[in-house]
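S.K.: I need the structure of the sequence given here:
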Amino acid sequence: MTQEAKPPRPRAFRLDEATQARDQISLALTPDAFAPAPFEDKPPEGEAAVEIAQKRGMIARSLMTWGGLFWSAAGALVSLAIGLWFDRLVSDLFARSQALGWIGLALVGGLALSICVLAGREIAGVLGQKHIAKLHLGFAQAHAGDDRDQARALTRELVGLYARRPETARARGHLLALTGEIIDGRDLVDIAERTLVHPLDEDVQREIARAAKRVSVVTAVSPRAIVDLLFVGAQAFRLVRRISEIYGGRPGLVGFLRLLRSVSTHLVITGGMAAGDSIVQQALGHGIASRLSARLGEGVLNGLLTARVGLSAMAVCRPVPFAAKPQPGIGDVAPFLFSKDVK
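M.R.: Next up is the predicted model:
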């Protein structure tokens with residue numbers, strides 16, 4: 001016969017030991033409220049990256065920094081020096097001849113007038129870009145908070161932004177008619193994006209596709225690397241300016257530099273090098289590198305990087321965040337670069 005298993009013998013334990021063990025388990029399972037939050041090394045994505053890029057470039061207060069103070073003081077000193085030089089020049093002309101003095105004074109006046117006009121354009125361009133960036137931030141807040149009043153006010157500003165474009169007349173009229181009828185602020189932002197901004201997105205995507213195609217073709221056939229570098233840089237600058245103009249911005253020199261700062265910041269925040277690595281992986285995954293020559297492969301890669309710059313400019317220059325539709329990717333704007341029929 002098998003011996004039956006004996007039941008466990010009762011054992012005694014102290015109550016304080018059980019309480020201490022229970023407290024230790026509870027402390028192990030309960031997170032420490034005063035412990036620092038775990039560090040996340042992932043860069044901000046989507047709307048957060050766009051807002052950071054806009055605040056560092058398009059709506060940055062450069063005069064409040066030491067760099068802005070330096071350039072402002074240096075510009076003022078150079079302006080004073082040039083003014084004194086022109087004053088001495090006109091005085092010398094008057095000393096030589098009355099007619100030469102008046103001619104010199106007229107030329108200086110024309111130069112001063114042209115400088116004022118150019119300065120006014122620069123200021124208008126910077127203010128226009130800042131207005132678009134603030135519209136973007138306002139629409140993002142209205143969509144997140146479902147604020148109807150803010151969405152209505154921003155929609156009227158958006159309609160006014162494109163008031164001088166006849167091709168948007170029908171969309172603007174339709175959007176204004178819906179502004180007083182839509183109750184939900186989030187829906188109004190989505191309708192404004194679909195009605196007025198989506199056609200502009202299509203124009204921007206066509207510009208990105210053309211630039212990427214030009215860069216890929218020229219890089220593949222150009223004989224010198226310096227030609228590639230100059231052409232790719234020129235196309236990137238032209239593409240960023242063109243995207244800004246499509247969305248309503250007219251950047252001058254200063255405004256364009258601020259816009260480039262926003263675009264470069266967006267590229268860095270969203271992982272510019274990581275994006276480049278993923279581009280290479282996508283190209284290899286489609287078998288491009290195994291079928292193309294080295295020169296043609298460089299053309300495809302430069303086209304992909306140009307499209308990446310265009311997408312960053314699109315996200316930064318857009319007056320409305322991507323809410324009703326997702327942000328397009330490289331495969332959406334330049335699918336020909338991933339074609340398996342490329343030989």
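
S.K.: burial of residue 203, as a residue count?
M.R.: When neighbours are counted by other C-beta atoms under 10 Å, residue 203 registers 14. Where you see a C-beta, it was placed from the backbone N, CA and C, and this is true even at glycine.

S.K.: who are the neighbours in contact with it?
M.R.: residue 246 (C-beta atoms under 8 Å, 6 or more residues apart in numbering).

S.K.: in which helix or strand would I find it?
M.R.: helix 198-221 (DSSP states H and E).

S.K.: Buried residues of that helix, list them for me.
M.R.: 200-201, 204-205, 207-209, 211-216, 218-220 (16 or more other C-beta atoms under 10 Å).

S.K.: now stretch 90-100
M.R.: For stretch 90-100, by 16+ other C-beta under 10 Å, it's 90, 93.

S.K.: and residue 141, how many neighbours?
M.R.: With other C-beta under 10 Å as criterion, residue 141 counts 17.

S.K.: now swap in residue 306 and tell me
M.R.: Residue 306: 25 neighbours (other C-beta under 10 Å).

S.K.: got the contact list for it?
M.R.: Contacts of residue 306 (C-beta under 8 Å, 6+ apart): 208, 211, 212, 215, 232, 235, 236, 239.

S.K.: let's go with 10 Å and repeat that
M.R.: 208, 211-216, 219, 232, 235-236, 239, 330, 334, 337 (C-beta atoms under 10 Å, 6 or more residues apart in numbering).

S.K.: Please identify which helix or strand holds it.
M.R.: Following DSSP H and E, one finds residue 306 within helix 294-317.

S.K.: Okay, buried residues for that helix please.
M.R.: 296-317.

S.K.: So which elements touch the one helix or strand residue 127 maps to?
M.R.: If you go by DSSP H and E, residue 127 is part of helix 98-145. Under the contact definition 3 or more C-beta pairs under 10 Å, 6 or more residues apart in numbering; DSSP states H and E, helix 98-145 sits against helix 47-56, helix 66-96, helix 148-161, helix 185-192, helix 225-246, helix 253-269, helix 294-317.

S.K.: Could you rerun that using 7 Å?
M.R.: helix 47-56, helix 66-96, helix 148-161, helix 185-192, helix 253-269 (3 or more C-beta pairs under 7 Å, 6 or more residues apart in numbering; DSSP states H and E).

S.K.: So what angle separates the directions of that helix and helix 148-161?
M.R.: 150 degrees (axes from the mean of the first three to the mean of the last three C-alpha atoms, to 10 degrees).

S.K.: thinking residue 147 is in contact with residue 187, fair?
M.R.: No. Judged on C-beta atoms under 7 Å, residue 147 makes no contact with residue 187 at a distance of 12.0 Å.

S.K.: Can you pull the residues that touch both of these two?
M.R.: The overlap between the contact sets of residue 147 and residue 187 (C-beta atoms under 7 Å, 6 or more residues apart in numbering) is empty.

S.K.: Just send the helices and strands packed on helix 98-145 back as a markdown table, with mean pLDDT and distance to residue 247 too.
M.R.: Listed next are these as a markdown table, based on pLDDT from 0 to 100; distance: least, C-beta to C-beta, whole Å:
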| stretch | mean pLDDT | distance to residue 247 |
| --- | --- | --- |
| helix 47-56 | 82 | 13 |
| helix 66-96 | 87 | 26 |
| helix 148-161 | 91 | 9 |
| helix 185-192 | 89 | 14 |
| helix 253-269 | 87 | 11 |
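
S.K.: If anything else comes up later, I'll come back, but that's it for now.
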